[in-house]
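K.L.:
Need the 3D shape of this:
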Amino acid sequence: MSSLHPLPSRRFPTSGFVKLDLSQKIEEEKLPGYVAEDYFPVYIGEVFASRYQVVSKLGYGMSSTAWLCRDLRSLDHGFRTLKICVRGKPPAHEMAISDHLKASDDHSGKKLVRLVLDSFEVIGPHGKHTCLVYQPLGMSFTEFQDLCPDEKLPKDLIQRSLQLILISLAFMHNNNVVHTDISSNNILQGVDDSSILSQIEEDEMKRPIARKVLADRHIYYSRPMPVSTGLPVLSDLGEARAGNHKHRGDIMPGIYRAPEVVLNMDWDCKVDIWSIGVMAWDLAQGHHLFFAKKDRVLDDEQHLAEMVSLMGPPPPEYLAKSDKAAQYWDDQGNWNGSIPVPTQSLEKREQQFLGEDKELFLNFLRRILRWLPEERPTAEELAYDDFLMQPVLQARAST
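P.N.:
Predicted coordinates:
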């Protein structure tokens, strides 16, 4: 809803910042295949759609740049995140998924999924760009993990966060949407206290960020988001799939791929459950569950050999569904790959927990790490797993 009294735009400093060497590549310029003309030349202080004033740069990627804005026309004059997509790549798929989920029935997980709040187009010097508006969120779990001792998240934070993300997944799966890209990069901290966003705005007013000043644009450094304590939010629906049917095709970040994806089988929402398990390991242990590389290149055979070492051999009926399985297993279902199966186990590799904590954590993982997708629990079932419910059960026992 628009305010009857729009907030006047502010005048941001046009001097007093560090001008960086023009020969130094920074931010999006360092991306492979970067073409300057594909990116809209955003300036801090600029107002988009007569409404969203840019106050700081938040980040960049292959498909967009992200900016913190103040909504001059909303009732609360609050902050929003503005994603300005590169030229010629309208995010029609993400917008369609978001619209589908926005139109769905209320669910406790709905507010834990980052949906598009508004969208519009702008014409840049070299063409049209789509702009998406979102709720502002804090740093990703990957960034937060980098700040933690040994890059390991505390157990209670892992339990609370995974439970809430599973609730967000239950909402998506109930509405026939598979995320397909779950990792700590796409779990963002919620922002309950908007004063940390106001501080970013004031910092830009008082201490403007360093930038390159080019003839046709400025390339700004991104300001890091401070740690926030809001609920975790599942973001980035750009790779999501919708429909009440099985899907096919290569999806998921490499080391997070479920076995049915590696083996070129049909897949469904249970790939998201697999990703939750692999991500849980990463968050708790500070390193990846699967290496999955040969000569530093992602390798399916290495990945599958590691899966066999941790889960045992797959059932023959499972292998029969794959046109790739014969490359790695014989007719009796015995491993026949050129890479030997590593000698390892979850028990030996798990180093973070002791006693009951370790038992609960490994049981949680074993419910997920199954060859047969139908044997993995649903998101709702997994949200009530004993490992995730441990703090609640302990609190009840103590009262």
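K.L.:
Look through the protein and tell me its longest helix.
P.N.:
helix 155-174 (DSSP state H).
K.L.:
Show the average pLDDT along that helix.
P.N.:
Mean per-residue pLDDT for helix 155-174: 97.
K.L.:
Can you name the residues in contact with the helix or strand that it is followed by?
P.N.:
Proceeding N to C from helix 155-174, the next assigned helix or strand is strand 177-178, under DSSP states H and E. Residues outside strand 177-178 that contact it (C-beta atoms under 8 Å, 6 or more residues apart in numbering): 97, 100-101, 172, 237, 240-242, 247, 268-269, 271-272. For every residue, glycine as well, the C-beta is placed using N, CA and C.
K.L.:
Give the rounded mean pLDDT of strand 177-178.
P.N.:
Mean pLDDT, strand 177-178: 98.
K.L.:
Then stretch 32-51?
P.N.:
Rounded mean pLDDT across stretch 32-51 is 97.
K.L.:
how far does it sit from the chain's center?
P.N.:
Its chain's C-alpha centre and that of stretch 32-51 lie 23 Å apart, by C-alpha atoms, centre = their mean, to the nearest Å.
K.L.:
Would you mind pulling the contact partners of that stretch?
P.N.:
9-12, 28-29, 53-57, 62, 65, 67, 69, 71-73, 82, 84, 86-88, 118, 120, 122, 124-126, 129, 131, 204, 208-209, 216-218, 220.
K.L.:
Quick one: the strands in this structure, in order.
P.N.:
47-48, 52-60, 64-71, 79-85, 118-124, 127-134, 177-178, 187-190, 211-213, 218-220, 230-234, 241-242, 293-294, 297-298 (DSSP state E).
K.L.:
check contacts around the residue sitting nearest the centre point of the chain.
P.N.:
Centroid-nearest residue in the chain: residue 186, 1.0 Å away (criterion: C-alpha atoms, centre = their mean). With contact taken as C-beta under 8 Å, 6+ apart, residue 186 is in contact with 140, 179, 234-236.
K.L.:
Please indicate which of the contacts of stretch 32-51 are buried?
P.N.:
The neighbour-count test (16 or more other C-beta atoms under 10 Å) marks 12, 28, 53-57, 65, 67, 69, 71-73, 82, 84, 86-87, 124, 126, 129, 131, 204, 208-209, 217-218, 220 as buried among the contacts of stretch 32-51.
K.L.:
Against residue 60, how distant is residue 73?
P.N.:
In this view, residue 73 and residue 60 are 26 Å apart by C-beta to C-beta, to the nearest Å.
K.L.:
Just flag the most distant two among the contacts of strand 177-178.
P.N.:
Using C-beta to C-beta, the contacts of strand 177-178 span at most 18.9 Å, a distance reached by 100 and 271.
K.L.:
Does residue 241 touch residue 247 like I think?
P.N.:
Yes - contact criterion C-beta atoms under 8 Å: residue 241 and residue 247 qualify, at 5.1 Å.
K.L.:
When these two are compared, which one has more neighbours?
P.N.:
Applying other C-beta atoms under 10 Å to residue 241 and residue 247 shows that residue 241 carries more neighbours, namely 21 against 16.
K.L.:
Pairing partners for the more buried one in the sheet, please.
P.N.:
Each beta-bridge partner of residue 241 is listed here, defined by DSSP bridges: residue 178.
K.L.:
what sits against it?
P.N.:
Counting by C-beta under 8 Å, 6+ apart, residue 241 touches 177-178, 180, 247, 251.
K.L.:
Including distance to residue 283, could those residues go into JSON lines?
P.N.:
Putting these into JSON lines (distance: C-beta to C-beta, whole Å) gives the following:
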{"residue": "177", "distance to residue 283": "24"}
{"residue": "178", "distance to residue 283": "21"}
{"residue": "180", "distance to residue 283": "19"}
{"residue": "247", "distance to residue 283": "27"}
{"residue": "251", "distance to residue 283": "21"}
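K.L.:
so which of the residues you listed would you say is closest to residue 198?
P.N.:
Nearest member of the contacts of residue 241 to residue 198, counting by C-beta to C-beta, is residue 177, at 34.1 Å.
K.L.:
what about that closest one, how many neighbours?
P.N.:
For residue 177, the count of nearby residues is 23 (other C-beta under 10 Å).
K.L.:
got the contact list for the residue lying closest to residue 351 once chain neighbours are set aside?
P.N.:
Once flanking residues are discounted, residue 351 sits nearest to residue 285: 6.7 Å by C-beta to C-beta, 6 or more residues apart in numbering. With contact set as C-beta under 8 Å, 6+ apart, residue 285 has these partners: 152, 349-352.
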